[in-house]
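>>> Sequence below, structure please.
(chains A and B)
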Amino acid sequence: MLLELDAVSKEFPTRGGPPARVMDRVSLDVRAGEFMAVLGPSGCGKSTLLQMAAGLLPVTSGTVRLAGRPVTAPPPEAVYVFQQYSRSLLPWRTVRDNVAFATEHRVGRKRARAAAEEPLAQVGLGGFGDHFPWQLSGGMQQRVAIARALAAEPAMLLMDEPFSAVDALTRLDLHALVLEICARRSLTVLLVTHDVEEAITLADRIAVLTPRPTTVAEVIEVGIDRPRDPVATRELPRFLELRHALLDRLMTRHG
Amino acid sequence: MAERLRAILPGLAVLALLLAGLEWAVEAGLIRRVLLPPPSVIGTTLWDLLASGEFIAPLLATLRLVFAGFAIGSVIGVVLGTAMGWWPAAFRLFEPLVELLRPIPKSALVPPLMLFLGIGDTMKITSVTLVVIFPVLLNTLQGVRGVDRVMLDAARTHGWGTAHTLWHLVLPAALPFILAGMRISLGLALVLAVLAEMLAGQGGLGFLILDMQRSFLIRQMYAWLVILALLGLVLNGVFVALERRALHWQNRNP
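Predicted coordinates for the structure are as follows:
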């Protein structure tokens, strides 16, 4: 087990009233090398869950363990990829220097710059090192953010709705990229999303969350062979079956 | 270039009209010549000052005060503002002091400073420093507090330490605010330098303007005044150019 969430709860203080419990004893295990998606309606605290897993936000109770060690601060093995790519990149830095961001504090700016080329090439931005983020499209900016995460050579990626802010075609491109990266590197991924098709396309297992206070409703095995193609996978009977079941569960029409 | 010229032409025309009007008013006897010589006469005096190189020493004396005070005050303002913006404990520690000192017109501090530091450069530079600190400090504080949470979390998830984060993320992110504060302070620095020279003068533009007035060398007084105005204009222009270069990433096309 690489990442373990054990009865993790989160409460936020409210003005004047008792603290609001947004997450109630969530337990979740992510195996090494696995791609796990966390699927839930918007506002269910998916990002909160991921930030606690990343050590960016303290838990109210329960424990988060990464490779057996309790997570109390951001661990070096796990890197967080943000939904708001344009806010997580530094606008005064070139694309190359934004990727060097991942390692410069450990190996120095010069070596970090040299090490940035490989991940940049891997996300298809080989020739864009000297551009500034604001000269690139949204999808390309998110590629820079992914390259930055890869440059840190983490064991685990924590992805917070990373493709929700780009258009549908760009999203498919990025799905293909993520599938390819995961096939090439031994990465463990925890992806938070509200997009059912994205979860099925990318994940080995899907944890479905309930509305607040959030708990894990069930964990589903996707059971679609790899390598997967983001377009062809969508036509498989298993894909359609899962899509139906998950949408049915997530939609509010049942109350 | 031609477009730029066309843009500033109306403003220059107003200026030229005003000067011509003054010239006429003095010649027509509407303004007493002893109080305001015609602009053309001031212009000749100014030209003599510039051509003889006589202006250089006083100009450098004033510039020295402005730069020294501006540099020291900016460093103090940025360091203190960053500390107060980053560490809540530092904010609680210094905020009452800052709020107490900030509203005092710094010009009023020159007389007490003279008691302690005499009438030399130390006093003048200290006066300039004091007026420079506060706009820089307050803007830095605001800029540091306004750094995007997501950006800071990106630094945390990649394991950046506090010093690296402050130097490579917080300060560059706050730079637009810091420079805006410094631009305000630069103007104030010139005011305080001139005032300190007037109150405790041995040289410099401020001293000369007052000295000429007292010696009734009215043409010269106005000529020095023009030099002072040009100095302010050039200082601001240079600063704005440097600011634009430092913040090139802000002039992005969407």
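
>>> Setting the sequence-adjacent residues aside, check what's closest to B:R102.
In this structure, B:R102 finds its nearest non-sequential neighbour in B:F134, 5.0 Å apart by C-beta to C-beta, 6 or more residues apart in numbering or on different chains. Every residue, glycine included, has its C-beta placed from N, CA and C.

>>> Do you have the helices of the stretch 101-250 of chain B handy? List them.
Along the stretch 101-250 of chain B, counting by DSSP state H, counting those that start in this stretch, helices occupy B:110-117, B:121-145, B:149-157, B:162-165, B:171-199, B:204-214, B:218-246.

>>> for the stretch 1-150 of chain A, same thing?
Secondary structure of the stretch 1-150 of chain A (DSSP H, counting those that start in this stretch): helices located at A:46-53, A:85-88, A:95-100, A:104-107, A:109-122, A:138-151.

>>> Let's have those in TSV, adding mean neighbour count, mean pLDDT and distance to chain B.
Shown next, in TSV, are the helices of the stretch 1-150 of chain A (neighbours: other C-beta atoms under 10 Å in any protein chain shown; pLDDT from 0 to 100; distance: least, C-beta to the nearest C-beta, whole Å):
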stretch	mean neighbour count	mean pLDDT	distance to chain B
helix A:46-53	23	93	8
helix A:85-88	22	90	4
helix A:95-100	25	97	10
helix A:104-107	17	94	5
helix A:109-122	17	94	9
helix A:138-151	24	94	8
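
>>> out of the ones you listed, nearest to B:V41?
Closest approach to B:V41 among these (C-beta to C-beta): helix A:95-100, 57.9 Å.

>>> Next, the buried residues of stretch B:98-108.
Within stretch B:98-108, the residues that count as buried by 16 or more other C-beta atoms under 10 Å in any protein chain shown are B:98, B:106-107.

>>> got JSON lines for the residues you listed, with distance to B:V191 and pLDDT too?
Rendered in JSON lines, the data for the buried residues of stretch B:98-108 read as follows (distance: C-beta to C-beta, whole Å; pLDDT from 0 to 100):
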{"residue": "B:V98", "distance to B:V191": "21", "pLDDT": "96"}
{"residue": "B:K106", "distance to B:V191": "9", "pLDDT": "93"}
{"residue": "B:S107", "distance to B:V191": "8", "pLDDT": "92"}
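
>>> so the residue nearest to B:R102 touches B:L101, yeah?
Yes: contact between B:F134 and B:L101 holds when scored by C-beta atoms under 8 Å: they sit 7.4 Å apart.

>>> What count of nearby residues applies to B:L49?
Burial measure for B:L49: 18 neighbouring residues, criterion other C-beta atoms under 10 Å in any protein chain shown.

>>> hmm, I was thinking of A:D195
As a burial measure, A:D195 scores 17 neighbours (other C-beta under 10 Å).

>>> do B:R244 as well
One way to gauge burial is a neighbour count; for B:R244, by other C-beta under 10 Å, it gives 12.

>>> Now do it, the pLDDT please.
Here, the pLDDT recorded for B:R244 equals 92.

>>> Show me the chain divided up by domain.
Answering for chain A, as no chain was given. If the domains of chain A are taken from automatic domain parsing, they occupy A:3-77+A:159-254, A:90-153, with pieces of a single domain joined by a plus sign.

>>> nope, chain B please
Residue ranges for each domain of chain B read B:1-33, B:37-248, as given by automatic domain parsing.

>>> any chance of those in JSON lines, plus distance to A:V123?
What follows is the domains of chain B, written out as JSON lines (distance: least, C-beta to C-beta, whole Å):
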{"stretch": "domain B:1-33", "distance to A:V123": "42"}
{"stretch": "domain B:37-248", "distance to A:V123": "17"}
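
>>> lowest-confidence helix or strand of the chain?
You didn't say which chain, so I picked chain A. Across the helices and strands of chain A, mean pLDDT, DSSP states H and E gives its lowest value to helix A:85-88, namely a mean of 90.

>>> circling back: out of the domains of chain B, which gets the lowest mean score?
Mean pLDDT values for those show the minimum at domain B:1-33, a mean of 90.

>>> Any buried residues in it, and which?
Applying a neighbour-count criterion of 16+ other C-beta under 10 Å, the buried positions in domain B:1-33 are B:22-23, B:26.

>>> Could you do stretch B:110-117 as well?
Residues B:110, B:113-114, B:117 are the ones in stretch B:110-117 that count as buried (16+ other C-beta under 10 Å).

>>> Quick check: the two most widely separated of the residues you listed?
Of all pairs drawn from these, the one with the longest distance (C-beta to C-beta) is B:V110 and B:L117, at 10.0 Å.

>>> Give the intersection of the neighbour lists for the two.
Here B:V110 and B:L117 share the contacting residues B:M123, scored by C-beta atoms under 8 Å, 6 or more residues apart in numbering or on different chains.

>>> Next, B:P37: secondary structure please.
coil (DSSP: H, G, I helix; E, B strand; the rest coil).

>>> Not counting its neighbours along the chain, what's nearest it?
The shortest distance from B:P37 to any residue other than its chain neighbours is 5.0 Å, reached at B:R219 (C-beta to C-beta, 6+ apart).

>>> List the contacts of that neighbour.
Residues touching B:R219, when contacts are defined by C-beta under 8 Å, 6+ apart, comprise B:37, B:41-42, B:45.

>>> and the helices of the stretch 1-150 of chain A as TSV, adding distance to A:I200?
Listed next are the helices of the stretch 1-150 of chain A as TSV, based on distance: least, C-beta to C-beta, whole Å:
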stretch	distance to A:I200
helix A:46-53	17
helix A:85-88	23
helix A:95-100	30
helix A:104-107	37
helix A:109-122	24
helix A:138-151	20
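
>>> ok so, going back, compare the domains of chain A and give me the one nearest B:R214.
Ranking the domains of chain A by proximity to B:R214 (C-beta to C-beta) places domain A:90-153 first, at 51.2 Å.

>>> Can you name the residues of chain B that neighbour chain A?
When proximity is defined as C-beta under 8 Å from any C-beta of the partner chain, chain B approaches chain A at B:148, B:150-151, B:153-161, B:164, B:168-169, B:172-173, B:175, B:249-250, B:252-254.

>>> re the thing from before, for A:L49, find the nearest of the domains of chain B.
Put simply, out of those the one that sits nearest A:L49 is domain B:37-248, at 14.9 Å, with distance taken as C-beta to C-beta.

>>> first to last residue in the closest one, what's the distance?
The first residue of domain B:37-248 is 45 Å away from its last residue (C-alpha to C-alpha, to the nearest Å).

>>> cool, stretch A:54-71 as well?
Its first and final residues considered, stretch A:54-71 spans 8 Å by C-alpha to C-alpha.

>>> Which residue would be the closest one in the stretch 101-250 of chain A to chain B?
The nearest approach of the stretch 101-250 of chain A to chain B comes at A:W134, 4.1 Å away (C-beta to the nearest C-beta).

>>> who's in contact with whichever residue of the stretch 1-150 of chain B sits closest to chain A?
Sorted by distance to chain A under C-beta to the nearest C-beta, the residues of the stretch 1-150 of chain B start with B:V150, at 4.1 Å. In this structure, B:V150 makes contact with A:82, A:84, A:87-88, judged by C-beta under 8 Å, 6+ apart.

>>> do B:F207 as well
The contact partners of B:F207, taken as C-beta under 8 Å, 6+ apart, are B:58, B:197-198, B:201.

>>> So B:I209 is in contact with B:L228, correct?
Yes: contact status for B:I209 versus B:L228: in contact at 7.0 Å, counting by C-beta under 8 Å.

>>> Export the buried residues of domain B:1-33 to JSON lines and append columns for secondary structure and distance to A:M140.
Shown next, in JSON lines, are those (DSSP: H, G, I helix; E, B strand; the rest coil; distance: C-beta to C-beta, whole Å):
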{"residue": "B:L22", "secondary structure": "helix", "distance to A:M140": "59"}
{"residue": "B:E23", "secondary structure": "helix", "distance to A:M140": "62"}
{"residue": "B:V26", "secondary structure": "helix", "distance to A:M140": "65"}
